[in-house]
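Undergrad: I'd like to go over a predicted model; first the sequence, then the structure.
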There are 2 protein chains.
Amino acid sequence: MTTPQQVRIVEVGPRDGLQNEKAIIPTAVKIELIDRLGETGLRSIEATSFVSPKWIPQLADAAEVFTGIARRAGVSYPVLVPNVQGYERARAVGAEEVAVFAAASEAFSKANINASIEESITRFEPVLERARADGVKVRGYVSTVLGCPYQGDVPLADVVRVATRLHRAGCYEISLGDTIGIGTPLKAKAMLAAVAAEVPMSALAIHFHDTRGQALANILACLDLGVAVIDAAVSGTGGCPYAKGASGNVASEDVVFMLEGMGIATGIDLPKLIATGQWLAAQLGRETGSKVGKAAA
Amino acid sequence: MTTPQQVRIVEVGPRDGLQNEKAIIPTAVKIELIDRLGETGLRSIEATSFVSPKWIPQLADAAEVFTGIARRAGVSYPVLVPNVQGYERARAVGAEEVAVFAAASEAFSKANINASIEESITRFEPVLERARADGVKVRGYVSTVLGCPYQGDVPLADVVRVATRLHRAGCYEISLGDTIGIGTPLKAKAMLAAVAAEVPMSALAIHFHDTRGQALANILACLDLGVAVIDAAVSGTGGCPYAKGASGNVASEDVVFMLEGMGIATGIDLPKLIATGQWLAAQLGRETGSKVGKAAA
């Protein structure tokens, strides 16, 4: 267990970030964002989500976005799918990687998707079967790994159990999400260590929100354990539905600045990423959520 | 060398923070800020600076501020003094702790105070002599320890040399400042380790600006080495004269949230500190620079 020499950033801005922005974002802007991100050296860009438009109207243009982007060789464009219907819509437009999500907190699962954790996993098992048959990669998200807005503490054993189930069910990578940005470094590290005792570190990613400014410190603590995949969102888009006005995803620019400063290669052209974040902030009519972006302005 | 069990926060908002804010701040607000901070459990609150009002008009009310605050037993209220004249003004109103400052970067020293590093140290040697005779504690700042806006890189040897001189000259504590917030964790840790080879860790403090969002991660890396004194500013006031619109000092609220979450005691009442930061942001007519403060709003 040692700090990695290279890290892959999974850019989640176009989906996780924009989904939680207040502004209504034109489809053309979403497409341009993804295409700009594709030019920065990123290898994983979560493009959109094929949830029912009834649930999340902001994502009703998922198919249009996915067919509109210029997919680059060597870049993966995973899309979120909540069930087989979503999977089929995603496949119909050519998605080659999908993502499913479960919560580590029972209370959160109930409140968020009106299903127990068990029910939610049952719901996407057919997705995993279909994906296996189709040769489609599946990424799994576990949310609320460091705390829950409804139940407070989330037992480590629950995080480990859900992550292990997703991995055994066929997810090639499990992204561990501090959905409400409540974690601090030692807790983040202990959580990752507990999961890594059951799932290989090479199959784990960390996904930290910066709601309380802790994300980079938490990432630093986890790098010590050798985790080499980090989710982040350009311009720090997102916000937090459970804390009005709070910060969103950790900003990709700030993560890359830290990693490159530590001699950890990301393969990303930071000036291009910064420019993309500044362009996006202008499109959203808000200040960039990236401090590196602000310092460069 | 191991993570400390307790950390003393040196609150630098009333001086370092407010000095770099654009808003003109009424003397009464400065006094109320310091008095509110005194009720949070903080033991060190840098109150003001006795520089010449010709240099920094925002600080022309230093004497008025210092005499206006309700000094609490057990709380130290250091004030910055650039020279013997400043020292005398500070002593005239009853200051019992002062601070002097030098740069690790020759180019910064020239640009900032129009003196070489050597000249600047010579200038405050009489202050240290007087302070010794008067039984007044002296804190020493070293700025630009991780980079300089004029010369770029700052050799570690220069940081070590200036910090060691200040310590030998009688400063009981040396605060190592990343003035432009350019450092990343491994560099911060290497810098601290180099200084700690010459100056006891118990006489060292870290002072990181959050210009590029790295401050908490840098602090975390340095805690590993056992540093137990951290400078921070409530509400993250300050900004950066070298990066327009950039973030300022690391926010005290965010530092305390991290430390307490790691089981490191600060003795600070976090809800009171958050309330003070929110009150201050309202006085300044700006959003709080503390993400913990935003999440709690």
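TA: Received the coordinates, thanks.
Undergrad: show the residue spans covered by the helices in chain A.
TA: A:18-19, A:27-38, A:62-68, A:84-92, A:106-113, A:117-134, A:156-168, A:185-196, A:215-223, A:252-261, A:270-284, A:291-296 (DSSP state H).
Undergrad: mind checking how far the residue lying closest to residue A:48 once chain neighbours are set aside is from residue A:89?
TA: Of all residues beyond its chain neighbours, the one nearest residue A:48 is residue A:62 (4.3 Å), with distances taken as C-beta to C-beta, 6 or more residues apart in numbering or on different chains. In short, each C-beta sits where N, CA and C put it, glycine included. To residue A:89, residue A:62 is 7 Å away according to C-beta to C-beta, to the nearest Å.
Undergrad: wait, isn't the residue nearest to residue A:48 in contact with residue A:79?
TA: Yes. With contact defined as C-beta atoms under 8 Å, residue A:62 counts as touching residue A:79 (7.0 Å).
Undergrad: which residues are in contact with each of the two?
TA: Common contacts of residue A:62 and residue A:79 (C-beta atoms under 8 Å, 6 or more residues apart in numbering or on different chains): A:48, A:49, A:50, A:90.
Undergrad: ok, the second one to chain B distance?
TA: What it means is residue A:49. From residue A:49 across to chain B, the span is 25 Å (C-beta to the nearest C-beta, to the nearest Å).
Undergrad: residues touching that residue, list them.
TA: Contact analysis of residue A:49 by C-beta under 8 Å, 6+ apart lists A:15, A:19, A:56, A:59, A:62, A:79, A:80, A:81, A:82, A:86.
Undergrad: let's see it at 7 Å
TA: By C-beta atoms under 7 Å, 6 or more residues apart in numbering or on different chains, the contact list for residue A:49 reads A:15, A:19, A:59, A:62, A:79, A:80.
Undergrad: now swap in residue A:6 and tell me
TA: Applying C-beta under 7 Å, 6+ apart, we find residue A:6 in contact with A:228, A:264, A:265.
Undergrad: so who does the closest residue to chain B within the stretch 101-250 of chain A touch?
TA: Among the residues of the stretch 101-250 of chain A, residue A:184 lies closest to chain B, at 2.8 Å counting by C-beta to the nearest C-beta. Residues in contact with residue A:184 (C-beta under 7 Å, 6+ apart) are A:214, B:258, B:261, B:262.
Undergrad: how far off centre is the helix or strand of chain A with the lowest mean pLDDT?
TA: Least confident helix or strand, chain A: helix A:18-19 with a mean of 88, by mean pLDDT, DSSP states H and E. Remark: helix A:18-19 is offset 11 Å from the chain centroid, using C-alpha atoms, centre = their mean, to the nearest Å.
Undergrad: now stretch A:92-101
TA: 14 Å.
Undergrad: and the gap between the nearest residue to residue A:184 once chain neighbours are set aside and residue B:217?
TA: Among residues not flanking residue A:184 along the chain, residue B:261 sits closest, at 2.8 Å (C-beta to C-beta, 6+ apart). For residue B:261, the distance to residue B:217 (C-beta to C-beta) stands at 14 Å.
Undergrad: with neighbour numbers in mind, choose between the two.
TA: For residue B:261 and residue B:217, the more surrounded residue by other C-beta atoms under 10 Å in any protein chain shown is residue B:217, and the numbers stand at 30 against 20.
Undergrad: at the contact with chain B, which residues of the stretch 151-297 of chain A appear?
TA: Within the stretch 151-297 of chain A, the positions near chain B by C-beta under 7 Å from any C-beta of the partner chain are A:184-187, A:210-214, A:216-217, A:220-221, A:243-247, A:251, A:254, A:257-258, A:261-262, A:291-292, A:294-295, A:297.
Undergrad: for PyMOL, write a command that selects the buried ones of the residues you listed.
TA: Here is the PyMOL command that selects only those of these that count as buried (16 or more other C-beta atoms under 10 Å in any protein chain shown):
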select buried, chain A and resi 184+185+186+187+210+211+212+213+214+216+217+220+221+243+246+247+251+254+257+258+261+262+291+292+294+295
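Undergrad: identify the residues contacting the residue lying closest to residue A:281 once chain neighbours are set aside.
TA: Residue nearest to residue A:281 in three dimensions, not counting chain neighbours: residue A:288, with 3.9 Å by C-beta to C-beta, 6+ apart. By C-beta under 7 Å, 6+ apart, residue A:288 lies in contact with A:235, A:236, A:277, A:278, A:281, A:294.
Undergrad: give me that answer again for 10 Å
TA: Under the criterion of C-beta atoms under 10 Å, 6 or more residues apart in numbering or on different chains, the neighbours of residue A:288 are A:234-237, A:251, A:253, A:274, A:277-282, A:294, A:296-297, B:245.
Undergrad: what's the pLDDT at residue A:246?
TA: On pLDDT, residue A:246 comes in at 78.
Undergrad: pLDDT weak spots in the stretch 1-150 of chain A?
TA: For the stretch 1-150 of chain A, the stretches with pLDDT under 70 are A:1.
Undergrad: just give the nearest non-adjacent residue to whichever residue of it sits closest to chain B, would you?
TA: Closest to chain B within the stretch 1-150 of chain A is residue A:3: 8.9 Å, counting by C-beta to the nearest C-beta. Nearest residue to residue A:3, sequence neighbours excluded (C-beta to C-beta, 6+ apart): residue A:223, at 5.1 Å.
Undergrad: the one you found is in contact with residue A:259, isn't it?
TA: Yes. Look at residue A:223 against residue A:259 with C-beta atoms under 10 Å: they come within range, at 8.2 Å.
Undergrad: so what sits against both of these two?
TA: A:4, A:7, A:230, B:185.
Undergrad: want to throw those residues into JSON lines with distance to residue B:137?
TA: Converted to JSON lines, the shared contacts of residue A:223 and residue A:259 look like this (distance: C-beta to C-beta, whole Å):
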{"residue": "A:4", "distance to residue B:137": "44"}
{"residue": "A:7", "distance to residue B:137": "44"}
{"residue": "A:230", "distance to residue B:137": "43"}
{"residue": "B:185", "distance to residue B:137": "31"}
